[in-house]
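[1] using only what follows, build the 3D model:
(2 chains)
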Amino acid sequence: MTAPTVPRDSSLQASSGGLKAELRRTQRRRKLEAVALVAPLFLFLAVFFLAPIAAMLFRSLDNSELPSAMPRTAEVLRAWDGAGLPPEPVFATFASELAAGQKARNLAGVAKRLTYELPNMRSALFATARALPEQPDGTWQKTLTGANAVWGEPATWAVMRRAAAPFTPLYLLAAVDREMDANGNIVSVAPDRAIYVDIFIRTFWIAIVVTVVCLFLGYPLAYKLASLPPRIANLLMILVLLPFWTSILVRTGAWVVLLQREGPINETLQTLGLITEPLQLVYNRVGVYVAMVHILLPFMILPLYSVMKGISPAYVRAATSLGATPFTAFRRVYLPQTVPGIGAGGLLVFILGVGYYITPALVGGAGDQMVSYFVAFFTNQTINWGMAAALGSVLLVATLVLYWIYAKLVGVDGMKMG
Amino acid sequence: MSQTDLSAAPGGTAQNASSQATGQSVSSPHVEFIDVRKTYDGETLVVKNLNLEIQRGEFLTLLGPSGSGKTTSLMMLAGFEVPTSGDIRLAGRSIARLPPHRRDIGMVFQNYALFPHMTVAENLAFPLSVRKMPKAEIGERVAKALGMVHLSQLGGRRPAELSGGQQQRVALARALVFDPQLVLMDEPLGALDKQLREHMQLEIKHIHESLGVTVVYVTHDQTEALTMSDRIAVFNNGIIQQIDLPDRIYQQPCNSFVANFIGENNRLNGIVREVSGGICRVELKTGQSVFAAAVAAHEPGQPTTLSIRPERIGFQPTQDEAVTSLEARVLERIYLGDHLRLRLAVADAEDFMVKVPFADSAEAFQTGHAVSVCWAAKDCRALDPV
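    This next block holds a predicted model:
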């Protein structure tokens, strides 16, 4: 009886080997299909989303102004130990490249970079470049110091040395109100120049208030929508989405018209006799909250609605049949099941709110501008891309940290976008 | 369709059984529906003038097709629907205006409605904690309830980690853990497969017997109703068609709807020719005469539908007056192991089913054979015409 078992075994093995190869072949085809489906979007994201973010993070550390305009000076400065004043060859190299730069007219970048740390460096640099003789008067150190006294100060050369490094923490430090002193220690900036930490706190505070207000306004509405018959619910959903049909600029402009001192809201309140003086509703924080809540509310309602749509009314019924009052049934049975929607909606509104620019810029006052305003300011007005990138990077990191805390508290699976 | 036995008194056996189970007086019913009517749109009545009494400790099943009003009646009792008119009394007290959370009625829902964000033990503790029961007692009761449904090991699991049958048991335990006097079940076994369903039917029946609670059970499955109930109320079109003991519902249906809805039924149409002493003679369309119990046949000339159960039909003709004998032809022979099913052509009907207990003589029934079928007049019921 053993004879027939042997061939049977071997045939089994042979077929299972073939089976594996076949399985691999099928799976390979599936994988290729999946890759082909995802590839276009992935490439798009890589080129237009990931690459710009990486470039922005890089830009916040970028220190290429001096090294690109004065490569040899940068080299000798890096070699110098940084104590006191640099040796004569550094002065000589700097003088020759300064003269060359003056001819080629490429000193503007260096001047701007040095001004970030020492405000009077721009004029000093150009004055020195214009007054520079062909030959040194004795040593180049003496010549340069003679042309402008700043070149005799160790602090100037400490800044020069920092500007010669390939990367700089300058912008990131400035974005959190810190700077380096002459000895290279990180210190807080003078209180009258410390503005960015306050702006970050203000930005997150506005985003939190807007998120909470959206939640309290959106939750009951989403609940009502989810419990209505589909025909009416769809109609009302179109009304919820209606704001998306107009440009954000137009909507914000409309709020300015509505909320201004002689606007319909103030006039109505005065006609009704509720107020005697018109209320200041726009160009302050109230205006920012009103306009941002209006624009971001649908982002709260949609995830809440989709989560609530999936909660069977039988749960609340079961809870009341088990003796829970309607409030207890809501608190202990319904609310916990909507947490994924609250999480998704809250996160969506918060992250969109943190990056808001146009609405606070139009309906807010000077004290209501958010980080994005300053990013735009540095990008468009002062052309300080390093600072703009640093503010953006800090905002990105802070948001990621908040998301991480949220994921720890609620869990990433405790979120449902729709 | 005629409306009969609307406020039928509960069957004697059920009454005795319940009084033994609870040791309480049966003088007042536990649950009463009094002239209850319900409409959703103001035009059609989903429940038409419902009068129903349920005794303490009784297992009553509301049976009917979907849209017959059985679930609406249950929901009105639970408090999730408000009667348009009429009154519902629980232990003599009107509850029509009482919100559901103050009714103290346990309920098992169709898809269990176990809270997905709580563990099994937390689900069971829920009705106790909303009653502000001390922690130690909650733990004790939850453990006891889990033991009752044989799930003591699974208290820490989430409902999603349980099988359908286990979820069903948890739902049952949750509806019973706070000792309600009345438990409602809305098609609780509908989502289970056949084998598990049959097992759970017996288990629910045993729990009912050991606890002595009153159970109102809604189903559209007639086997389930026959297996579990003390009494069955058959619903159709918002009306109770018949309310009676399971065996009487099956053997003595009072109208054609009940006869067709419960079990298998053979129908023959004819005209009543004579009525005397509860027995009538019905002339079939082919001219043959059949004797039948005159249930809904009152005077000669009336059309009627005869109803005969397949297992009440025999093949040995006798000379007895009360036995009807008809010629038939075998159209189809279906072998089912323990018995044989024959589809016969009898009079003008071609779907006349007969159950033959399997015996050696069964070889005789082959397709095309001519046979004669007979039945006692009391087993053939002349009902309203269909």
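[2] where exactly do the strands run in chain A?
    A:178-180, A:186-188 (DSSP state E).
[3] which residues are in contact with the residue nearest the centre of chain B?
    In chain B, the residue lying closest to the centroid (CA atoms, centre = their mean) is B:A225, at 3.5 Å. By CB atoms under 8 Å, 6 or more residues apart in numbering or on different chains, the contact list for B:A225 reads B:T61, B:L63, B:Y217, B:T219, B:I232, B:P246, B:I262. (C-beta placed from N, C-alpha, C; glycine too.)
[4] and the contacts of the lengthiest helix in chain B?
    Once chain B is assigned using DSSP state H, the helix that runs over the most residues is helix B:194-211. Contact with helix B:194-211 is made by B:21, B:59, B:148-149, B:164-165, B:168-169, B:172, B:176, B:185, B:188-189, B:192, B:215, B:224, B:227-228, as judged by CB under 8 Å, 6+ apart.
[5] so how far is it off the chain centroid?
    With CA atoms, centre = their mean, to the nearest Å as the basis, helix B:194-211 stands 15 Å off its chain's centre.
[6] in it, what's buried?
    B:R197, B:M200, B:Q201, B:E203, B:I204, B:K205, B:I207, B:H208, B:L211 (16 or more other CB atoms under 10 Å in any protein chain shown).
[7] for the stretch 1-150 of chain A, what are the low-confidence residue spans?
    A:1-16 (pLDDT under 70).
[8] cool, and chain B?
    Ranges of chain B meeting pLDDT under 70: B:1-27, B:317-322, B:359-363.
[9] for it, what lies in contact range of chain A?
    B:78-80, B:99-107, B:109-111, B:113-117, B:126-127, B:130-131, B:174-175, B:178 (CB under 8 Å from any CB of the partner chain).
[10] burial check on B:Q251, number of neighbours?
    16 (other CB atoms under 10 Å in any protein chain shown).
[11] how near is it to A:S393?
    84 Å (CB to CB, to the nearest Å).
[12] repeat for A:E33
    On the measure of CB to CB, A:E33 and A:S393 end up 38 Å apart.
[13] between those two, who's got more neighbours?
    A:S393 (20 against 10).
[14] that one: what's it in contact with?
    A:M56, A:L57, A:S60, A:L172, A:A175.
[15] correct me if wrong, but B:V36 is in a strand.
    Yes - read with DSSP: H, G, I helix; E, B strand; the rest coil, B:V36 is one of the residues of a strand.
[16] count of neighbours near the residue nearest to it when sequence neighbours are not counted?
    In space, and not counting its chain neighbours, B:V36 is closest to B:G86: 3.6 Å by CB to CB, 6 or more residues apart in numbering or on different chains. For B:G86, the count of nearby residues is 17 (other CB under 10 Å).
[17] what of the one 5 residues further on?
    As a burial measure, B:A91 scores 15 neighbours (other CB under 10 Å).
[18] that one against B:T214, yeah?
    No - look at B:A91 against B:T214 with CB atoms under 8 Å: they stay out of range, at 9.8 Å.
[19] so what sits against both of these two?
    B:H30, B:Q181.
[20] what's the span of stretch B:43-62 from first residue to last?
    24 Å (CA to CA, to the nearest Å).
[21] off-centre distance for that stretch?
    12 Å.
[22] so which bits of that stretch are buried?
    Per 16+ other CB under 10 Å, stretch B:43-62 contains these buried residues: B:45-50, B:52-62.
[23] where does B:L268 land in three-state SS?
    B:L268, by the three-state scheme (three-state DSSP), is strand.
[24] outline the domain layout of the chain.
    Defaulting to chain A. Using automatic domain parsing, the domain parsing of chain A gives A:65-168, A:197-410.
[25] wrong one, chain B
    Per the record, chain B has its domains at B:12-104+B:181-258, B:264-383, by automatic domain parsing.
[26] residues in the stretch 201-350 of chain A within reach of chain B, list them.
    Going by CB under 8 Å from any CB, the residues of the stretch 201-350 of chain A near chain B are A:312, A:314-315, A:317-326, A:328-329, A:332-333, A:336-337.
[27] what residues are up against the closest residue to A:A131 other than its chain neighbours?
    Excluding the flanking residues, the one nearest A:A131 by CB to CB, 6+ apart is A:A147, at 4.6 Å. Shown in contact with A:A147 (CB under 8 Å, 6+ apart): A:A127, A:T128, A:A131, A:L132.
[28] now with 10 Å, please.
    For A:A147, the contacting residues are A:A95, A:L98, A:A124, A:A127, A:T128, A:A129, A:R130, A:A131, A:L132, A:P133, A:D137, by CB atoms under 10 Å, 6 or more residues apart in numbering or on different chains.
[29] let me see the contact set for the closest residue in space to the first one that isn't next to it in sequence.
    This means A:A95. Nearest residue to A:A95, sequence neighbours excluded (CB to CB, 6+ apart): A:W140, at 4.7 Å. For A:W140, the contacting residues are A:E88, A:P89, A:V90, A:F91, A:A92, A:T93, A:F94, A:A95, A:S96, A:L132, A:W151, by CB under 10 Å, 6+ apart.
[30] neighbours around the closest residue to the second one other than its chain neighbours, how many?
    Nearest in space to A:P89, with sequence neighbours left out and distances taken as CB to CB, 6+ apart, is A:V76 at 6.1 Å. As a burial measure, A:V76 scores 18 neighbours (other CB under 10 Å).
[31] check the one 10 residues further on too.
    Neighbours of A:P86 under the rule other CB under 10 Å: 22.
[32] just give the closest residue to it, not the sequence neighbours.
    Per CB to CB, 6+ apart, closest to A:P86 is A:W80, 4.8 Å.
[33] ramachandran coordinates for A:L85?
    phi -100, psi 150 (degrees, to the nearest 10).
[34] got the contact list for it?
    A:F91, A:Q141, A:T145, A:W151, A:G152, A:E153, A:P154, A:T156, A:W157.
[35] neighbour count and distance to B:L74 for these - can I get that in a markdown table?
    Converted to a markdown table, those look like this (neighbours: other CB atoms under 10 Å in any protein chain shown; distance: CB to CB, whole Å):
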| residue | neighbour count | distance to B:L74 |
| --- | --- | --- |
| A:F91 | 23 | 98 |
| A:Q141 | 20 | 100 |
| A:T145 | 17 | 100 |
| A:W151 | 24 | 95 |
| A:G152 | 14 | 97 |
| A:E153 | 14 | 92 |
| A:P154 | 13 | 91 |
| A:T156 | 21 | 90 |
| A:W157 | 23 | 90 |
